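Visitor: Sequence isn't available, so here's the structure alone:
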C-alpha cells in the first residue's frame with residue numbers, strides 16, 4: 001500500500017528541516033524522509049561560529065538538535081533510517097521508494113546534501129575504520145596523543161585539524177598547494193597552533209600499515225619526490241559529492257553531479273525542487289541551506305495549492 005502526503009522532503013539537514021517548518025506552517029501535509037537521523041553534515045562539526053544568533057559558537061549537534069525540535073514542534077513527521085532508493089514521476093504524482101515501502105506526493109524537495117569525496121589512492125578503502133576517517137568530530141577521540149594527518153586546505157580541513165590539535169600529539173596538514181583556501185580566521189588560528197605542521201605542495205599517493213594505518217606516502221607536486229610520513233590516522237577533506245543517485249533523469253546535473261535549478265529552486269520536472277548543498281551553487285553553508293529550504297518550501301507550497 002502506498003502512503004500519500006502532499007509534500008515529501010528527502011533529507012533531514014538544515015535545508016530539509018527548514019523546508020518542513022515552512023510547509024507545515026502553510027498547512028501542507030508533509031513527510032520528511034531521512035536515511036539516518038535528522039541533522040545532516042553539521043552533526044560532524046565540533047563548533048560552528050558563523051551561524052547568526054550564537055556569538056560564542058555552538059556545536060553542530062546542539063544546533064541541529066534545535067532545528068529538529070523546532071520542526072517536530074511544528075508537527076513535521078520524520079521517517080528516520082529510511083534511504084530513498086528511487087524517485088519516479090507519473091500522472092502528475094511522485095512515487096518515492098524506500099526499502100519495503102512506497103510514498104506518493106504532489107511535490108518533492110530534494111535536500112540530501114553531500115558525502116565526503118575520497119582520495120582514490122591505494123590503501124584508502126582498506127583502512128577505513130582502521131585509521132582512515134572523514135569525520136574528526138566522530139573519530140578524533142581515538143587518536144589522543146597520537147600523530148595524524150589531515151588532507152585538504154579548505155574550511156573543513158582546517159576546522160577539523162584545529163579540533164584534532166586539541167587531542168592528537170601532532171597534526172600534519174597535507175595540501176597540494178602552498179596556500180590555504182580556508183577562511184582567514186581559521187588560517188590564523190592554525191598557523192599559531194604548535195601542534196599543527198603544514199606540508200605544502202604535497203599530495204597523498206598511498207596509505208600503508210599492518211592492522212592499522214602506520215604511514216602515508218606523499219609526493220611533492222613540483223619535484224615528484226615521495227616521502228613516507230609516520231601517522232596513526234588520516235582524516236580526509238578533499239571535497240564532497242552530491243547524493244543524487246536515486247534521481248534518475250528527473251533533474252539536470254552539472255559535471256560534478258550537483259543539481260541545476262532555476263532561481264525558484266525548481267528543476268525541469270514540475271513539482272520537484274532542490275535545496276541545500278546538493279544544489280549547484282557557489283557557497284555551501286548552514287545559512288545558505290536554510291535560505292534554500294525556505295525558498296523551495298514557499299515555491300512548492302504555491303505549486304501544491306495550484307494542484308488542489
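Guide: Everything's here; your move. Just so you know, these numbers come straight off a predicted model, no measurement behind them.
Visitor: dump the residue contacts of residue 65.
Guide: residue 39 (CB atoms under 8 Å, 6 or more residues apart in numbering). To be clear about C-beta, it is placed using only N, CA and C from the backbone, and glycine gets the same treatment.
Visitor: Now do the strand or helix carrying it, average pLDDT.
Guide: Remark: residue 65 resides in helix 60-74, with elements defined by DSSP states H and E. Confidence for helix 60-74, expressed as mean pLDDT, is 97.
Visitor: how far is it from where the chain is centred?
Guide: Its chain's C-alpha centre and that of helix 60-74 lie 17 Å apart, by CA atoms, centre = their mean, to the nearest Å.
Visitor: secondary structure class for the residue nearest to residue 281 when sequence neighbours are not counted?
Guide: Nearest-residue entry for residue 281: residue 288, 6.9 Å, with adjacent residues in sequence omitted and distances by CB to CB, 6 or more residues apart in numbering. Of the three states, residue 288 takes helix according to DSSP: H, G, I helix; E, B strand; the rest coil.
Visitor: For residue 288, give its distance to residue 50.
Guide: 11 Å (CB to CB, to the nearest Å).
Visitor: how many neighbours does residue 31 have?
Guide: By other CB atoms under 10 Å, 21 other residues sit near residue 31.
Visitor: my read: it touches residue 77, true?
Guide: Yes - in this structure, residue 31 is within contact of residue 77 by CB atoms under 8 Å, at 5.0 Å.
Visitor: Residues that sit against both of those two, list them.
Guide: residue 5.
Visitor: in the protein, which spans are helices?
Guide: For the chain, the helices defined by DSSP state H occupy 14-25, 60-74, 136-139, 155-165, 184-192, 286-307.
Visitor: residues near the residue nearest to residue 281, how many?
Guide: Residue 288, neighbours per other CB under 10 Å, totals 18.
Visitor: Residue 194 now?
Guide: Residue neighbour count, defined by other CB under 10 Å, stands at 7 for residue 194.
Visitor: Extract the residue ranges of this structure that are flagged as low pLDDT.
Guide: Of all residues in the chain, none has pLDDT under 70.
Visitor: quick one: contacts for the nearest residue to residue 269 once chain neighbours are set aside?
Guide: Excluding its sequence neighbours, the residue lying closest to residue 269 (CB to CB, 6+ apart) is residue 250, at 4.5 Å. Contacts here follow CB under 8 Å, 6+ apart; on that basis residue 250 touches 87-89, 267-269, 272.
Visitor: and residue 102, what are its bridge partners?
Guide: As for beta bridges, residue 102 partners with residue 2, residue 97 under DSSP bridges.
Visitor: how much space between it and residue 51?
Guide: Distance from residue 102 to residue 51, counting by CB to CB: 36 Å.
Visitor: Between those two, which has more neighbouring residues?
Guide: residue 51 (17 against 13).
Visitor: Just confirm the more buried one contacts residue 289, I think it does.
Guide: No - counting by CB under 8 Å, residue 51 does not reach residue 289; the two are 10.5 Å apart.
Visitor: follow-up on the earlier one: how close does the residue nearest to residue 281 get to residue 213?
Guide: Where residue 213 is concerned, residue 288 sits at a distance of 35 Å (CB to CB).
Visitor: what sits against the residue nearest to residue 201 when sequence neighbours are not counted?
Guide: Excluding the flanking residues, the one nearest residue 201 by CB to CB, 6+ apart is residue 221, at 4.7 Å. Residues near residue 221 by CB under 8 Å, 6+ apart: 176, 201-203.
Visitor: Among those residues, name the buried ones.
Guide: Buried positions within these, assessed by neighbour count (16 or more other CB atoms under 10 Å), are 176, 202-203.
Visitor: give the contact list for residue 11.
Guide: The contact partners of residue 11, taken as CB under 8 Å, 6+ apart, are 32-34, 40, 110-113, 243, 276, 278.
Visitor: switch the cut-off to 6 Å
Guide: Residues near residue 11 by CB atoms under 6 Å, 6 or more residues apart in numbering: 111-113.
Visitor: So which of those residues is the closest to residue 13?
Guide: Nearest to residue 13 among the contacts of residue 11: residue 113, at 5.1 Å, using CB to CB.
Visitor: List the buried residues in stretch 51-65.
Guide: So, applying 16+ other CB under 10 Å, buried residues of stretch 51-65: 51, 58-61, 63-64.
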